[in-house]
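In: Give me a model of this one.
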Amino acid sequence: MRRFGLIGFPLGHSFSKRYFSEKFLRENIRDCTYNNFPLSDISRLTDLIIENDLEGLNVTIPYKYSVMQFLDRIDHEALEVGAVNVIRINKSGDKPFLTGFNSDITGIMETLKPVLNPEITRAIVLGTGGSSKAVCHVLKKLKIQYTLISREKKPWTLTYPDLDPAIIGASQLIINTTPLGMYPETEGKPDIDYDLLGPSHILFDLVYNPEITSFLKMGQERGCTVLSGLKMLYSQAEKSWEIWNSRLL
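Out: I've put the predicted structure just below:
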């Protein structure tokens with residue numbers, strides 16, 4: 001039996017186990033299992049892998065950055081981003097050999113591309129964590145300038161009170177990379193002035209549970225185009241499966 005799974009803490013919000021379980025049934029893949037591994041201490045990663053004989057892992061909040069110190073090799077694009085959300089595990093004697101990748105890049109790109117046009121030249125990225133790094137990487141590839149927003153003052157970022165009408169008006173794309181609004185605290189949303197939004201704005205929320213977050217609902221009510229994180233989840237999950245099964249990596 002081939003064993004895969006998800007690490008993070010907590011994991012009550014995650015749809016990954018359901019997605020892969022349904023995939024295995026749908027595609028008649030009978031020799032694989034996928035389980036959640038709520039990991040309160042990332043230093044237990046190697047023990048977890050050995051104890052469960054794992055071949056691959058997805059990585060979610062809060063370990064996309066801190067997991068990198070435990071890997072033997074990191075894909076060049078994941079290194080550029082500075083975050084890993086897929087681990088491929090190869091056996092090397094008694095010790096597993098861990099290679100890190102970032103499939104969020106694929107998920108973000110495939111979600112954004114259908115709605116982009118040449119007039120979209122500026123974006124606002126809410127949050128500065130591991131997912132935010134992948135978003136910024138994709139925006140650079142798409143040649144879209146972006147403004148980073150954090151709750152705390154940091155170099156090269158603004159804080160939420162800095163988001164004035166001029167910045168919001170000039171930014172056609174607003175992406176939430178924070179966990180605000182994620183199950184079970186579904187009422188949460190980024191602290192921006194939603195009355196400044198209109199039909200010219202595209203709102204993309206990386207949160208996928210619930211599918212329509214409070215952030216997206218506020219956008220819908222003002223005529224914005226909204227993008228759920230579900231498409232990104234499915235896309236990055238399929239990329240993970242490709243990484244775990246490719247012989248060329």
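
In: Nearest residue to Gly130 in space, please, no chain neighbours.
Out: Setting aside the residues directly before and after it, Gly130 is nearest to Lys64 in space (Cβ to Cβ, 6 or more residues apart in numbering), at 2.9 Å. Yep, even glycine has a C-beta here, placed from its N, CA and C like the rest.

In: helix, strand or coil for the one you found?
Out: At Lys64 the chain is in coil, as set by DSSP: H, G, I helix; E, B strand; the rest coil.

In: Please list all residues in contact with it.
Out: 83-85, 129-131 (Cβ atoms under 8 Å, 6 or more residues apart in numbering).

In: measure the residue of the chain positioned farthest from its centre to Ile50 for me?
Out: Farthest-out residue of the chain from its mean C-alpha position, per Cα atoms, centre = their mean: Gly93, at 32.4 Å. Relative to Ile50, Gly93 is positioned 12 Å away (Cβ to Cβ, to the nearest Å).

In: For the longest helix out of those in the chain, name the packing helices and strands.
Out: The longest helix of the chain (DSSP state H) is helix 230-245. Packed against helix 230-245 by the contact rule (3 or more Cβ pairs under 8 Å, 6 or more residues apart in numbering; DSSP states H and E) you find helix 16-26, strand 54-59, strand 86-92, helix 104-112.

In: Averaged pLDDT, stretch 14-24. What do you get?
Out: Averaged across stretch 14-24, the pLDDT comes to 95.

In: Stretch 55-70 now?
Out: Confidence over stretch 55-70 (mean pLDDT, whole number) is 95.

In: what's the answer for stretch 231-246, then?
Out: In this model, stretch 231-246 has a mean pLDDT of 96.

In: Would you mark the buried spots in it?
Out: 231-241, 243-244 (16 or more other Cβ atoms under 10 Å).

In: and if you look at stretch 119-135?
Out: Using 16+ other Cβ under 10 Å as the burial criterion, the residues of stretch 119-135 that qualify are 120, 123-135.

In: now, which of those sits nearest Glu187?
Out: Leu126 (16.7 Å; Cβ to Cβ).

In: where does that closest one fall, phi/psi-wise?
Out: phi -90, psi 110 (degrees, to the nearest 10).

In: Surely it touches Ile175?
Out: Yes - the criterion here is Cβ atoms under 8 Å, and Leu126 meets it with Ile175 at 6.6 Å.

In: residues in contact with the closest residue in space to Tyr208 that isn't next to it in sequence?
Out: Closest residue in space to Tyr208, ignoring its immediate chain neighbours: Gly229 at 3.5 Å, by Cβ to Cβ, 6+ apart. Residues near Gly229 by Cβ under 8 Å, 6+ apart: 111, 204-208.

In: Can you give the domain ranges for this structure?
Out: Domain segmentation of the chain under automatic domain parsing yields 2-102, 105-230.

In: can you give me how far the last one is from the chain middle?
Out: The gap between the average C-alpha position of domain 105-230 and the chain average comes to 13 Å, counting by Cα atoms, centre = their mean, to the nearest Å.

In: Stretch 50-69 now?
Out: Distance, centroid of stretch 50-69 to centroid of chain: 14 Å (Cα atoms, centre = their mean).

In: Next: stretch 24-39.
Out: 20 Å.

In: Next, the residues that contact it from outside, please.
Out: Stretch 24-39 has contacts (Cβ under 8 Å, 6+ apart) with 1-11, 14, 16-17, 20-21, 23, 45, 48, 52, 57, 63.

In: Thank you, goodbye.
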